[in-house]
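S.K.: show me how the following folds:
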Amino acid sequence: GEYWRVYRASSLNPSGRVKVCSMLKDEIIEATEGNKTKAFLVDHYIIPETCFDDVDWKAIKLARGNTSFFHQRWASRWCSETIPTGTEMEDRGTWQSAHCPRSCGEEMETPEHVFKCRKANKLWSKAKAILIEWGRLNRAKPGFMATFIGGLDTWRRDEEQDNEDITDPQLLEAFKQQTAIGWDCALKGMLAEKWAEIQQQHFASLGLLRMGKRFVSALIQKLWDTSWDFWQHRNHHLACGEAEAVQDLLLKLHNRIAHHHRVGLRGLPKRCHYLFRSRISTIQGWSIRHKLLWFEAVIHSRLRKTIHRDDFDGSQYPDVQLLQHLKSSGALLRKKKTNKEPELKLKSTTPAKKLLAIEREEFNGFQYETINIFPQISVH
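M.R.: Here you go, the predicted structure:
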């Protein structure tokens, strides 16, 4: 047979051998990560094991190579279902509930719900029009886009797939193959190989020197863009909800600070009088962290006789509950610190003040670190 220096076993076709060519980096990645990717997708029920070989992995690889690094990362997270949805955030302990931030009534926001949410119906109608127009401009086979979008639309409505309206036998075969793989996988770009074969034959019938594989890879990129649009739509509602919640918490904080400032030094030991040297207008102009420190110092001082008891019940004190809520609000603490902040010196060595000093250091050094919590799944 033909001589070749190095062969390797293909992760997608273990029974055959593939020549190791000049694309050494891609060859090494596929050889080392291909089986891991397959195991991850199958173990997490993202794709059926029996249909794994029916997916057009070459088109996915081509699509990844023609997109930006940012979209590659998004595609990996979207395909591996590791985006920070409500269920994911609840599992991490960041959110108290996994409800959908778009207020649709869904209590468990999953990656699938990001696309199926009824609040995104208008966005889906717009996305369908864009995909149909894209298919027309790129000379898609008649009925191709209607069949493909129809499958996605039926899956999105949680209805049973119906192929009675499909008259073209080739499109019917591709439709059935994609149904076996999963239409949720289609949205992730895991398309059946039959789609590229059908489009290749259509280009040949038109006498066009185009490749069906490139057509499908471009369609995969459009699907990734569509999924990103849905994610941004979801995040827009999340940001608006967080903004309203933050404004409500800030208003409560300002009202309670004003209340305690009016009460003044009543019931406070002399060592805490320095907290009231500043006017209320000055305190209200401080950063959120410094206002929290002031508020906490005043509460600890007023409740100094009861707060360290074993039977202390914070639910009896609304200020304690508000303080706990404020300190657990990540969106509130992400506010930027101002450069000019007064120094709150804690002038006591009592246990309560030591605790405040430790918390003050934590607040002053508070930073959000960007951690890549998503596994980088290389799909080849």
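S.K.: what's the offset of stretch 250-263 from the middle of its chain?
M.R.: Put simply, stretch 250-263 sits 36 Å off its chain's centre (CA atoms, centre = their mean, to the nearest Å).
S.K.: give me the contact list for that stretch.
M.R.: Residues outside stretch 250-263 that contact it (CB atoms under 8 Å, 6 or more residues apart in numbering) are 276, 280, 283-284, 288, 291-292, 294-295, 298, 302, 319, 322, 326, 332. Backbone N, C-alpha and C define where each C-beta goes, glycine included.
S.K.: just curious, which of those residues is nearest to residue 57?
M.R.: residue 332 (44.8 Å; CB to CB).
S.K.: quick check, pLDDT for the closest one.
M.R.: If you check residue 332, the pLDDT there is 56.
S.K.: likewise for residue 163?
M.R.: Per-residue confidence (pLDDT) for residue 163: 82.
S.K.: count of residues packed around it?
M.R.: Residue 163 is flanked by 14 other residues according to other CB atoms under 10 Å.
S.K.: was I right about it contacting residue 171?
M.R.: No: counting by CB atoms under 8 Å, residue 163 does not reach residue 171; the two are 9.1 Å apart.
S.K.: where does the stretch 101-250 of the chain dip in pLDDT?
M.R.: 241-245 (pLDDT under 70).
S.K.: let's see that with 80 instead.
M.R.: For the stretch 101-250 of the chain, the stretches flagged by pLDDT under 80 are 239-249.
S.K.: any chance you could map the strands in it?
M.R.: In the stretch 101-250 of the chain, no segments count as strands under DSSP state E, counting those that start in this stretch.
S.K.: filter the contacts of stretch 250-263 down to the ones in helices?
M.R.: Counted as lying in helices by DSSP state H, out of those, are 280, 283-284, 288, 291-292, 294-295, 298, 302, 319, 322, 326, 332.
S.K.: can you select the buried ones from these in PyMOL?
M.R.: Buried subset of the ones in helices among the contacts of stretch 250-263, written as a PyMOL selection, criterion 16 or more other CB atoms under 10 Å:
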select buried, resi 283+288+291+292+294+295+298+302+319+322+326+332
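S.K.: which one in the ones in helices among the contacts of stretch 250-263 is the model shakiest on?
M.R.: Minimum pLDDT across those falls on residue 332, with 56.
S.K.: any idea how far the closest residue to residue 83 other than its chain neighbours lies from residue 219?
M.R.: Spatial nearest neighbour of residue 83, chain neighbours left out: residue 77 (5.2 Å); criterion: CB to CB, 6 or more residues apart in numbering. If you measure residue 77 against residue 219 using CB to CB, to the nearest Å, the figure is 20 Å.
S.K.: residues in contact with residue 225?
M.R.: Taking CB under 8 Å, 6+ apart, one finds residue 71 in contact with residue 225.
S.K.: before I go, just wanted to say thanks for your time.
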